[in-house]
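Student: quick one: sequence and predicted model below, then my questions.
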Amino acid sequence: GPFLQSTGSFYSTSYGGNWGEMEASVDGDRIAATNLWGVIDLFDFDRCIGMLSNWSDLGYNHFIEYSGCAFSPKGNRLYVSQDDSLFQFDITATDISASRQLIWANNNPNAIYMCQCQLAPDGKIYIANAHTFGWPDTIFDTINMNLSVINFPNSIGVACDFQPYSFFLGGKRSYASLPNMPNYNLGALEGSPCDTLSGNGKIEIKNGECEIWPNPVSDILNFELSSEAIIEFYDIKGQLLFKRKFIGGKFTFDLSKYNAGVYFVKIAGNDFIKVEKVIKY
């Protein structure tokens with residue numbers, strides 16, 4: 001690369017075109033994007049080569065401002081927040097655009113905005129709220145001191161159990177937005193010719209004196225030594241999790257109790273010291 005592609009709606013850098021949200025599905029095979037120019041774009045995404053395809057234009061009214069979007073954990077629903085409303089699209093439907101359902105509409109006479117969304121580790125979708133985009137720094141009330149929550153986002157229609165202003169922020173405020181945190185902890189894309197995170201990856205050290213596999217790893221990490229070595233295993237913060245001296249042979253290390261993420265293994269042999277990165281998914 002870099003690889004350039006032109007697809008989907010036009011995104012301006014002026015106000016409205018540059019305010020919105022882009023989110024990927026949990027498994028990384030879909031991307032949705034919204035903005036205040038009425039854009040709701042849905043694409044298939046090849047996370048190996050980074051290309052978008054099968055564009056669906058779900059923005060049924062390009063005079064409506066769409067602030068945020070989020071996929072359900074199973075990727076079967078897409079939620080889109082509009083100024084004062086929340087919509088759901090059924091991604092499994094033959095006609096996704098026609099599957100749109102109104103989940104909630106603001107009946108408050110004051111200007112209230114449903115804004116950016118984020119799928120959390122607990123499987124719920126949290127949505128930031130705002131009174132207006134006039135930056136009223138003096139306002140603290142129910143709307144901005146709470147997040148709205150979709151409790152069961154995989155469910156169709158109102159069964160998703162949307163609860164506005166229901167998650168208290170402990171006396172703090174949110175103003176329209178939440179951190180956008182893509183899922184960078186996806187495992188290997190099995191069978192892909194270009195994903196370097198092969199599920200059968202093997203670390204080979206000192207002409208095969210030490211072999212470690214698979215990498216990335218789900219639970220059991222295998223070691224094979226042809227000579228004496230000390231093995232140390234560290235988390236991303238440098239905390240030592242495991243240390244043992246081995247004369248040689250094969251052994252395993254159970255990682256099932258550790259969270260997904262990046263770890264480091266240090267191998268100290270008679271005439272070499274090597275540190276390698278291991279990815280757990």
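Tutor: Thanks, I have it. Residues are numbered from 1 along each chain as shown.
Student: where are the low-confidence patches of the stretch 51-200 of the chain?
Tutor: Filtered on pLDDT under 70, the stretch 51-200 of the chain yields the residue ranges 60-63, 109-111, 132-137, 185-200.
Student: swap in 90 and give it another go.
Tutor: Low-confidence segments of the stretch 51-200 of the chain (pLDDT under 90): 51, 59-67, 82-84, 106-115, 121-122, 129-144, 173-200.
Student: where exactly do the strands run in it?
Tutor: For the stretch 51-200 of the chain, the strands defined by DSSP state E, counting those that start in this stretch cover 51-57, 66-71, 77-82, 85-90, 101-105, 113-119, 125-130, 146-150, 162-168.
Student: among those strands, which is nearest residue 259?
Tutor: Closest to residue 259 of the strands of the stretch 51-200 of the chain, according to Cβ to Cβ: strand 113-119, at 17.7 Å. Bear in mind the C-beta positions are built from the backbone N, C-alpha and C, glycine included.
Student: strand 85-90 and that closest one, what's the angle between them?
Tutor: On the basis of axes from the mean of the first three to the mean of the last three Cα atoms, to 10 degrees, strand 113-119 is oriented at 40 degrees to strand 85-90.
Student: contacts for strand 113-119?
Tutor: 21, 23, 26, 67-73, 79, 81-86, 104, 106, 125-133, 148, 153, 176-181 (Cβ atoms under 8 Å, 6 or more residues apart in numbering).
Student: swap the cut-off to 7 Å and go again
Tutor: Strand 113-119 is contacted from outside by 21, 67-71, 73, 79, 81-86, 125-130, 148, 176-179, 181, using Cβ atoms under 7 Å, 6 or more residues apart in numbering.
Student: so which of the strands of the stretch 51-200 of the chain is nearest residue 17?
Tutor: strand 66-71 (11.8 Å).
Student: what helices or strands is the closest one leaning on?
Tutor: strand 20-24, strand 30-35, strand 77-82, strand 113-119 (3 or more Cβ pairs under 7 Å, 6 or more residues apart in numbering; DSSP states H and E).
Student: sorry, back to before: of the contacts of strand 113-119, buried ones?
Tutor: Buried members of the contacts of strand 113-119, counted by 16 or more other Cβ atoms under 10 Å: 21, 67-71, 73, 79, 81-84, 86, 125-130, 148, 176-178.
Student: excluding sequence neighbours, find me the nearest residue to residue 35.
Tutor: Residue nearest to residue 35 in three dimensions, not counting chain neighbours: residue 20, with 3.3 Å by Cβ to Cβ, 6 or more residues apart in numbering.
Student: over to residue 259?
Tutor: Using Cβ to Cβ, 6+ apart, the closest residue to residue 259 is residue 280 (7.5 Å).
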